[in-house]
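Chemist: Please work out how this folds:
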Amino acid sequence: MTHIDAGAELDPVHPVPAPERATGLTAAQVAEHVARGEVNDVPVRSSRSLSEIVRANVFTRFNAIIGVLWIIMLAVAPIQDSLFGFVILANTGIGIIQEWRAKKTLDSLAVIGEAKPTVRRDGVAAEVSTSEIVLGDLIEIGPGDKIVVDGTCAEADGLEIDESLLTGEADPVVKHPGDAVMSGSFVVAGGGAFTATKVGREAYAAQLAEEASRFTLVQSELRSGISTILKYVQWMMIPTAIGLVISQLVVKEHGFKDSVARTVGGIVPMVPEGLVLLTSVAFAIGVIRLGRKQCLVQELPAIEGLARIDTVCLDKTGTLTEGGMDVSELRALGGADETYVRKVLGALGESDPRPNASLQAIIDAYPDSEDWRCTEALPFSSARKYSGAAFSEGDGTSGSWLLGAPDVLLPSDGPAGPSPTTALDRGPSGPAPSLIAEIEELNQQGLRVLLLARVTGDLGDPKVKETAEPAALVVLEQRLRPDAAATLRYFAEQDVKAKVISGDNAVSVGAVAGKLGLAGAEHTVDARTLPTDQAEMADALDEGTVFGRVTPQQKRDMVAALQSHGHTVAMTGDGVNDVLALKDADIGVSMGSGSEATRAVAQIVLLNNSFATLPSVVAEGRRVIGNITRVATLFLVKTVYSVILALLVVCCQVEYPFLPRHLTLLSTLTIGIPAFFLALAPNTERARPHFVRRVMRYAIPGGVVAGLATFVMYMIARHFYTGSGSLGAETSSATLTLFLISMWVLAIVARPYTLWRLCLVAAMGLGFLLVLVVPWLQDFFALKLVGTSMPWTAVGVAAVAAVVLEFVWKWVGRRFPA
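Modeler: As a prediction, this is how the structure comes out:
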């Protein structure tokens with residue numbers, strides 16, 4: 001088949017490009033532009049640079065506080081009391097290394113998933129990296145392609161561009177040669193080419209695109225919650241630390257340097273320095289784990305976000321089914337000649353330079369007729385649900401044809417559109433009941449059915465379908481993804497509701513969903529019957545499971561309606577008709593084989609095109625959320641009991657009971673080492689909201705109990721021990737009490753127990769016991785229990801505190817449910 005010659009009259013709305021195509025820039029011209037720096041040099045980064053990672057991990061407010069205190073301690077006290085500084089160095093180093101590993105993973109995956117525009121140079125079309133585009137390049141575009149730089153339309157074949165992400169205008173804009181195209185928009189129908197007029201940072205959406213593609217640790221409940229907690233901690237620390245400094249200098253019974261050391265010992269444990277580190281490490285390791293499964297996380301909080309969803313909206317094509325299709329049957333209607341119908345289908349396939357999956361299956365099945373010429377073309381649009389072309393046939397006759405959804409091309413029942421079962425039968429002029437039944441039977445088998453119909457009139461006129469005369473049914477068989485059923489079962493088990501929203505016939509979509517075992521698939525809804533009011537639509541979406549004949553704008557409206565009912569919504573898709581919904585969903589998930597525009601707006605891209613990867617992302621998110629909630633409790637119990645102890649010391653005008661080395665030992669054994677293992681352990685607990693409330697409701701009473709019990713033991717020991725060395729004995733008794741209580745907090749946080757968790761708690765206990773029994777460790781940490789009365793009293797006080805802890809935490813859990 002050949003297109004009409006350049007001298008023929010072209011349709012003003014849907015022109016067919018002349019065969020004389022522009023050749024684009026020459027190699028020499030490209031070299032000139034590169035030499036002048038006129039290249040699209042916007043850095044596309046999926047992660048922070050190494051210098052940004054180092055700055056983010058080193059130059060923090062709390063590191064500054066700890067750093068100053070560390071320098072003071074190095075000057076006035078033995079190295080044992082400066083151990084906390086080395087711990088901070090190690091923590092910072094671990095954070096930098098893990099985030100660097102995550103960066104390398106993200107960068108390598110970003111290269112795999114990077115879209116490569118097709119650029120015509122020297123008359124040859126070739127894919128190049130976005131950064132290799134130069135000013136004046138001729139860039140070819142088709143359905144699903146993103147406009148990567150600003151330009152002027154040079155060729156248009158029914159070209160329709162969606163600019164809603166830039167302008168908010170929902171309707172696609174028809175483009176003609178000479179019209180401006182803006183970066184950040186994308187093609188929804190037709191094809192063509194445009195000449196780049198602005199590249200690099202001058203392009204309209206370049207800065208937005210650069211910012212959106214960056215690795216980020218913000219915009220998540222975990223991180224915002226931790227920031228809130230740290231803000232409160234900071235305000236608690238300042239007055240408490242000032243009071244502690246003044247009181248210790250006033251009561252200095254054992255010399256200036258010892259008073260300074262004990263003051264620092266009181267301030268250091270107030271800082272939950274490892275909490276931010278562990279959160280970053282947990283996220284970074286999640287990125288690395290998912291990267292091994294070919295899952296590109298374009299925005300880091302998406303790991304957390306997907307774990308919080310309660311509704312997942314699935315596009316059928318490309319998600320539940322594989323992208324390709326096969327023509328299983330051709331049924332001629334009304335006595336049409338099947339051989340002639342095959343020629344029409346072959347010509348229709350050839351008329352579209354960028355066919356979708358359905359048309360590609362027709363192209364594979366029916367070869368083109370060389371003696372037919374295309375005189376007008378109407379590319380497929382998700383909003384129209386059909387494509388078309390007009391031909392000059394070999395014998396001199398001409399005809400116009402449409403190929404699309406039967407329930408769209410056949411007569412309907414008014415503006416609401418047909419229902420799947422009844423609206424096709426519309427009086428004497430409507431289709432025969434037998435045709436309706438035939439289509440319904442095929443739909444119920446999960447087959448996709450297209451109607452080929454001859455029409456009269458201008459293809460660009462929306463009313464042209466009213467002249468449709470059915471000629472044949474094209475039956476397409478869809479290939480189900482082998483992993484889709486198991487993934488749907490997983491979401492059902494996790495109380496995540498799956499909603500299938502597709503542009504295909506509702507009955508057909510329901511049949512496919514039914515084959516995959518989706519509950520409620522038998523009750524399908526034609527989206528054309530959905531109310532336009534958001535509240536009413538949300539009610540209908542809560543009741544239904546499978547929705548067919550959904551337009552791209554409706555997908556977006558459905559996501560907004562679900563969100564209006566308080567749902568956290570994830571949207572999966574791979575086609576250009578999914579872009580708007582993906583952009584508005586709480587989490588957008590795209591297939592790696594999806595359109596360029598789809599991959600650009602999604603937070604998560606499944607590069608292996610496997611729907612089965614989603615449970616892994618959910619599991620990673622749940623691991624991060626659940627475990628950080630656990631370890632945050634550990635860190636903040638320490639902060640609270642440190643503040644309580646400092647306040648009691650200030651009020652009672654006594655020396656602070658601990659040196660920095662004591663609290664470094666306690667923090668390492670009861671928080672640091674256990675928190676690292678707990679933060680990275682498997683955790684399938686469903687994510688729950690209100691992170692700050694859930695953490696503080698346990699941390700505050702736990703810290704208060706630990707602080708009060710430790711201070712009581714310290715005061716008992718002060719009255720019991722006298723003479724030289726009494727302060728060391730008092731400190732040892734208080735340290736034993738605080739360690740035992742902290743161990744009980746760890747034992748509570750580690751529940752439910754598994755063998756490795758029990759071994760972890762036991763190992764920490766053995767570590768402390770080792771310090772108590774090995775002489776050089778006793779001297780190093782200045783820990784030596786004197787006599788038996790006070791050590792056993794310390795055990796008794798800790799036991800009472802443990803009972804109080806159990807009671808208080810259970811009461812808090814009932815009184816303040818999360």
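Chemist: The residue nearest the centre of the chain: helix or strand, and which one exactly?
Modeler: For the chain, the residue nearest the mean C-alpha position is residue 302 (2.7 Å; CA atoms, centre = their mean). Here residue 302, judged by DSSP states H and E, is contained in helix 301-307.
Chemist: Who are the packing partners of that helix?
Modeler: helix 221-250, helix 273-291, strand 587-591, helix 614-652 (3 or more CB pairs under 8 Å, 6 or more residues apart in numbering; DSSP states H and E). Just so you know, the C-beta spots here come from the backbone N, C-alpha and C atoms, and that holds for glycine as well.
Chemist: can you give me the offset of that helix from its chain's centre?
Modeler: 5 Å (CA atoms, centre = their mean, to the nearest Å).
Chemist: same thing with stretch 809-818?
Modeler: Using CA atoms, centre = their mean, the offset of stretch 809-818 from its chain centre is 32 Å.
Chemist: Would you pull up how far stretch 533-548 lies from the middle of the chain?
Modeler: Taking mean C-alpha positions (CA atoms, centre = their mean), stretch 533-548 and its chain are 24 Å apart.
Chemist: which residues are contacting that stretch?
Modeler: Under the criterion CB atoms under 8 Å, 6 or more residues apart in numbering, residues 420, 497-510, 513, 518-521, 523-527, 530-531, 557-558, 560-562, 564-565 lie in contact with stretch 533-548.
Chemist: For that stretch, list every residue counted as buried.
Modeler: Across stretch 533-548, burial judged by 16 or more other CB atoms under 10 Å covers 534, 537, 538, 540, 541, 544, 545, 546, 547, 548.
Chemist: ditto for stretch 24-42
Modeler: Buried positions in stretch 24-42, judged by neighbour count with 16+ other CB under 10 Å: 24, 25, 29, 30, 33, 38, 39, 40, 42.
Chemist: Distance check, the second one against residue 37.
Modeler: So that's residue 25. For residue 25, the distance to residue 37 equals 16 Å [CB to CB, to the nearest Å].
Chemist: Tell me where the model's unsure across the stretch 701-818 of the chain.
Modeler: 818 (pLDDT under 70).
Chemist: Which stretches in it count as helices?
Modeler: 726-749, 755-773, 775-781, 789-815 (DSSP state H, counting those that start in this stretch).
Chemist: just checking, which of these sits deepest inside the structure?
Modeler: Sort the helices of the stretch 701-818 of the chain by mean neighbour count, taking mean count of other CB atoms under 10 Å, and helix 726-749 sits at the top with a mean of 24.
Chemist: If residue 194 is in a bridge, with which residues?
Modeler: residue 139, residue 153 (DSSP bridges).
Chemist: correct me, but residue 448 touches residue 476?
Modeler: Yes: when contacts are counted by CB atoms under 8 Å, residue 448 is listed as touching residue 476 (4.2 Å).
Chemist: quick one: the spatially closest residue to residue 665 that is not a sequence neighbour and residue 76, what's the gap?
Modeler: Leaving aside its chain neighbours, residue 665 sits nearest to residue 781 (5.5 Å; criterion: CB to CB, 6 or more residues apart in numbering). According to CB to CB, residue 781 stands 18 Å off from residue 76.
Chemist: Could you do residue 710 as well?
Modeler: Counting by CB to CB, the gap from residue 710 to residue 76 is 25 Å.
Chemist: count of residues packed around residue 162?
Modeler: For residue 162, the count of nearby residues is 26 (other CB atoms under 10 Å).
Chemist: And residue 555, by the same measure?
Modeler: Neighbours of residue 555 (other CB under 10 Å): 28.
Chemist: buried ones in the one helix or strand it maps to?
Modeler: Under the criterion of DSSP H and E, residue 555 resides in helix 552-564. By neighbour count with 16+ other CB under 10 Å, helix 552-564 contains the buried residues 552, 553, 554, 555, 556, 557, 558, 559, 560, 561, 562, 563.
Chemist: and after that helix, which helix or strand comes next?
Modeler: Per DSSP H and E, the first helix or strand lying C-terminal to helix 552-564 is strand 569-573.
Chemist: Mind listing what's buried along the very next helix or strand once past that following strand?
Modeler: Per DSSP H and E, the first helix or strand lying C-terminal to strand 569-573 is helix 579-584. Going by neighbour count (16+ other CB under 10 Å), the buried part of helix 579-584 is 579, 580, 581, 582, 583, 584.
Chemist: Okay, now the unreliable bits of the stretch 101-250 of the chain?
Modeler: 109-114, 164-170, 203-219.
Chemist: quick one: the strands in it?
Modeler: Remark: strands assigned in the stretch 101-250 of the chain by DSSP state E, counting those that start in this stretch are 118-121, 124-127, 138-141, 150-162, 173-174, 180-181, 186-198.
Chemist: could you say what helices and strands the last one packs with?
Modeler: In other words, strand 186-198. Judged by 3+ CB pairs under 8 Å, 6+ apart, the packing partners of strand 186-198 are strand 138-141, strand 150-162, helix 596-601.
Chemist: just how off-centre is that strand within its chain?
Modeler: So, by CA atoms, centre = their mean, the centroid of strand 186-198 is 28 Å from its chain's centroid.
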